[in-house]
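Novice: Give me a model of this one.
(chains A and B)
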Amino acid sequence: MIIRLYSRYRTRVTTNLLSIPSLNHCSQCGFSSPLSTSTQLTRQQVNCIPQIPNLDAHTGARFLQNCIINGDLASGKTLHCHFLKAGGGLDLFGWNILLNLYVKSELLSDARNLFDEMPSRNTVSFVTIIQGFSEFPDVESVKLFVRLHREGHELNAYVFTTVLKLLVNMECGELAANVHGIIYKLGHCSNAFVGTALLDAYSSCGCVRMAREVFDCISCKDMVSWTGMITCYAENGYFKDAFCFFSQMRMLGFNPNNFTLASLFKACLGLEEIEVGKSLHACVIKTCYETDPYVSVSLLDLYTKSSDIEAARRVFEEIPKKDVIPWSFMIARYSQSDRCEEAVRLFCRMRREPAVPNQFTFASVLQACATMGNLTLGKQIHCHVQKVGLDLFVHVSNALMDVYAKCGLINNSIELFRESENKNEVSWNTLIVGNVNLLNWDMALTLFSDMLNDHVQSTEVTYSSVLCACANLTVLETGAQIHSLTIKTLFENNVIVANALIDMYAKCGNIKHARLAFNMIRQKDVVSWNAMISGYSMHGLGNEALRMFNMMRKTNVKPDQLTFVGVLSACSNVGLLNEGEAYFTSMVNDYSIEPCMEHYTCMVSLFGKLGQLVKAVDLINQIPGEPSVMVWRALLGACVIHKDLELGELSAKRVLELEPQDESTYVLLSNMYASAKRWDNVALVRKNMKRKRVKKEPGLSWIENQGIVHYFTVGDSSHEDIRLIYGMLEWLNLRIKKAGYVCNHDVILLDVEDDEKARLLWVHSERLALAFGLVSTPSGCPIRIMKNLRICLDCHVVFKFISKIVKREIVVRDINRFHHFEDGVCSCGDYW
DNA sequence: CGGCAACTAA
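Specialist: Okay, the predicted model is just below:
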């Protein structure tokens, strides 16, 4: 009864006040409703407020309380004016309510002004204002806490929950330890609110053990405390403990709510317990939490990460009023899981809904554009984000740069990069990766050195891309310098960087260092193993490659398609017929990997090398679809070795059907005719080459010495040390002739005398590079030469002789592989 | 008059 009367009285007060007409509009100052402005009240506005008779502090406070309940800011402000004009009339209790009204209405500067102008303040005033600013935390809020303490106000539980939340928002949870001391002294530890806030602060900075200690001290743990502890475990990777605490909580009779469930889904993901997640999903449906924004998004996370994107889609469609987060989430996950069309479709659908895309949405849909190479859509979105100013977000501009780079318009990316005011390391990476993908390796390295000059921190992406550029340029010394940079910046143990190092060393001809880089990796992944296996195979060290594969099988890293490309090519290099066939069968039967064109190529090459040409042809006939040019080339190579003219002609024909301008095929064909003494055919090949205007790619060999790359073409005389080089060549010529070398004139396809042929052979680019290496490096140190074409047959013979005479290891990387010449033998076994 | 716990992302 009493309550009824009281509430009727409250209603009457409210009605009375609001019915004063001049409160709502004043013709003099245009002050209509204080709601319309969030600025501080002007003197004039205050003067316009008529005096409300008989308004004592108690009534005022009650009225303001009502304003908070009804969200009636306008009346609250009006009352504020009244009290300002009256020069008082509210007590501290009332002022605090008004302060709270401003905070709840998010009028923070008004709140701050009121706080400073209030006649007096107590703990509640401080707590209220600090909470108001906790969303935008800065030092000012901490200062307020210090002031509260210094002015001697009561340090109650509210103060600590508020300040702890502030610390979490400021991302300095570790400072909680200091506050913990005061809390302990004042005996607030057992309070559930304080305890949970403290627990959360410790959790936010990863101090799980301290969080647990705090939790144990809470005397009456409520559901929120339990949930806080579960969340702490889930967020810090203690997924099992999260579940253990959940069951303890259930045994005490507490029911999980949306907070608890969201954390449990995170734990499910961490444990990869998708089935548990599904049963929790059932629980979510039963408790009607399915539409909760947090719970639904954690479900989306669970299903997309466990690659059940269809289940995620079903959850997504069930969310009734989707805000930007679920939309962005799904678009992002579609973009990342190679379902770019779906991402774009969803984006278009989103545009017809009330949800407004933000920078995350655009970054994701641009990522999809980049992957698809959809320049048209990319440009449209570029215009749009520019219009709404979202291109200022670094992630959006990076995604735009990526779109242009992936569509081949690298200059547009560079322009965007230059204009962008917000750059980060990802912006640099995008440009570097873009250039690497477009085979602009020099440009990638130039950008990297600009990046170093700008003092931008490199990341694993930077290092792996520039190392890839080094590998393709075969610049060992630059690669080694970058290696030392990775050590300095503590990136050498990063598995992605280390994999790139293996590849770089292997491709630059230093297989021993590749192995050292491999050995350094603690958590080797499939890429590490593949890089090492194919590295060995590339260097003709087939047995070593197979040993690697057998080591790999003892780990829990699963071999993939590329692993078997390495393994089978190793078998082919060494000529291990039975092993090769066994691995090929095992790949299909034990590892369920369908053979791809590269696998067939390796097998054809393996059969071919051992002279089993019938088997090779049989296998080619088994290939589903059209055999690739690589397959035919492998067969042609085999025919050259085993002098099968008929099959050789056929395979050369197939190669030239697919690549009519392939010079090396003409050379092989001609060699084959020459060794069969079919001179008319040799002439025919030559004529054909002329008629089809086969572009002869100029042969180029290069060698790196003290950071400088020296290039040589055939008969090159431009090098500054050319006299020394020719002197060395002459000496070598004499020495190897004495050792039994006979010139192979058939290699030269020109119609000239044999003497001239011999002279032409002696100025081949690889020989010039070798001679330069011999005169410019100390004796005994290995020489690494790169060539852009296949090494010439005669040079191959010569290099074997020279390696024995000068007692040096000579490494030649031609377009296909590495040749290690040592003591008169080549690692390729004369088959390549 | 004031308090504790949860979601995406290049």
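Novice: Quick check: residue A:639 vs residue A:633, distance?
Specialist: 11 Å (CB to CB, to the nearest Å). From N, CA and C alone the C-beta is placed, and that goes for glycine too.
Novice: Distance check, the residue nearest to residue A:72 when sequence neighbours are not counted against residue A:268.
Specialist: Nearest non-adjacent residue to residue A:72, counting by CB to CB, 6 or more residues apart in numbering: residue A:66, 7.3 Å away. According to CB to CB, residue A:66 and residue A:268 sit 45 Å apart.
Novice: the more surrounded of the two?
Specialist: Under the criterion of other CB atoms under 10 Å, the comparison of residue A:66 against residue A:268 puts residue A:268 first, with 28 against 18.
Novice: Identify the residues contacting that one.
Specialist: If you count contacts by CB atoms under 8 Å, 6 or more residues apart in numbering, residue A:268 has them with A:239, A:274, A:276, A:277, A:280, A:302.
Novice: Contact partners for residue A:156?
Specialist: With CB under 8 Å, 6+ apart, residue A:156 has these contacts: residue A:123.
Novice: same thing with residue A:478?
Specialist: Residue A:478 touches A:445, A:470, A:707, counting by CB under 8 Å, 6+ apart.
Novice: before we move on, back to that, contacts (any at all) between DNA strand B and whichever strand or helix holds the residue nearest to residue A:72?
Specialist: Residue A:66 belongs to helix A:57-70 when elements are defined using DSSP states H and E. Yes. On the criterion CB under 7 Å from any atom of the strand, helix A:57-70 is in touch with DNA strand B at residue A:65.
Novice: In contact with the residue most central in space within chain A: list those residues for me.
Specialist: A centroid search over chain A (CA atoms, centre = their mean) returns residue A:461, at 7.2 Å, as the residue closest to the centre. Contacts for residue A:461 (CB under 8 Å, 6+ apart) come out as A:426, A:429, A:433, A:496.
Novice: give me the number of residues near the first one?
Specialist: Each residue near residue A:426 was counted by other CB under 10 Å, and the total is 19.
Novice: related to what we said a few turns ago, from the contacts of residue A:461, which is closest to residue A:711?
Specialist: residue A:433 (27.0 Å; CB to CB).
Novice: Does the closest residue to the closest one other than its chain neighbours fall in a helix, a strand, or a coil region?
Specialist: Distances taken as CB to CB, 6+ apart put residue A:465 closest to residue A:433, at 5.0 Å, once the chain neighbours are dropped. At residue A:465 the chain is in helix, as set by DSSP: H, G, I helix; E, B strand; the rest coil.
Novice: any idea how far residue A:465 lies from residue A:428?
Specialist: 10 Å.
Novice: Give me the more crowded residue out of the two.
Specialist: Taking other CB under 10 Å, residue A:465 and residue A:428 do not tie; residue A:465 has more neighbours (27 against 24).
Novice: ok now do that one, which residues does it touch?
Specialist: A:429, A:432, A:433, A:436, A:444, A:500.
Novice: any idea how chain A splits into domains?
Specialist: A:1-119, A:442-523, A:719-826 (automatic domain parsing).
Novice: Dump those domains to a markdown table, plus mean pLDDT.
Specialist: Below are the domains of chain A laid out as a markdown table (pLDDT from 0 to 100):
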| stretch | mean pLDDT |
| --- | --- |
| domain A:1-119 | 68 |
| domain A:442-523 | 93 |
| domain A:719-826 | 88 |
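Novice: Out of these, flag the one nearest residue A:208.
Specialist: domain A:442-523 (23.2 Å).
Novice: Return the distance of that closest one from the chain's centre.
Specialist: Centroid separation for domain A:442-523 versus its chain: 17 Å, with CA atoms, centre = their mean, to the nearest Å.
Novice: measure it end to end?
Specialist: The straight-line separation of the ends of domain A:442-523 (CA to CA, to the nearest Å) is 32 Å.
Novice: next one: stretch A:517-534
Specialist: Using CA to CA, the end-to-end distance of stretch A:517-534 comes to 15 Å.
Novice: Report the distance from it to the chain centre.
Specialist: 19 Å.
Novice: And stretch A:328-345, by the same measure?
Specialist: For stretch A:328-345, the distance to the chain centre is 16 Å (CA atoms, centre = their mean).
Novice: Run through who's touching it.
Specialist: A:297, A:300-301, A:304, A:307, A:309, A:312-313, A:316, A:346-347, A:350, A:357-358, A:360-361, A:364-365, A:367-369, A:371-372, A:374, A:377.
Novice: can you narrow those to ones near DNA strand B?
Specialist: Taking CB under 7 Å from any atom of the strand, the overlap between the contacts of stretch A:328-345 and the neighbourhood of DNA strand B is A:297, A:301, A:360, A:364, A:367.
Novice: The nearest residue to residue A:501 once chain neighbours are set aside and DNA strand B, how far apart?
Specialist: Leaving aside its sequence neighbours, residue A:501 sits nearest to residue A:517 (CB to CB, 6+ apart; 4.1 Å). Distance, residue A:517 to DNA strand B, using CB to the nearest atom of the strand, to the nearest Å: 27 Å.
Novice: what's the burial count for residue A:517?
Specialist: 27.
Novice: So it: helix, strand or coil?
Specialist: Looking at residue A:517 with three-state DSSP, the answer is helix.
Novice: Any figure for the gap between it and residue A:508?
Specialist: Taking CB to CB, one finds residue A:517 at 12 Å from residue A:508.
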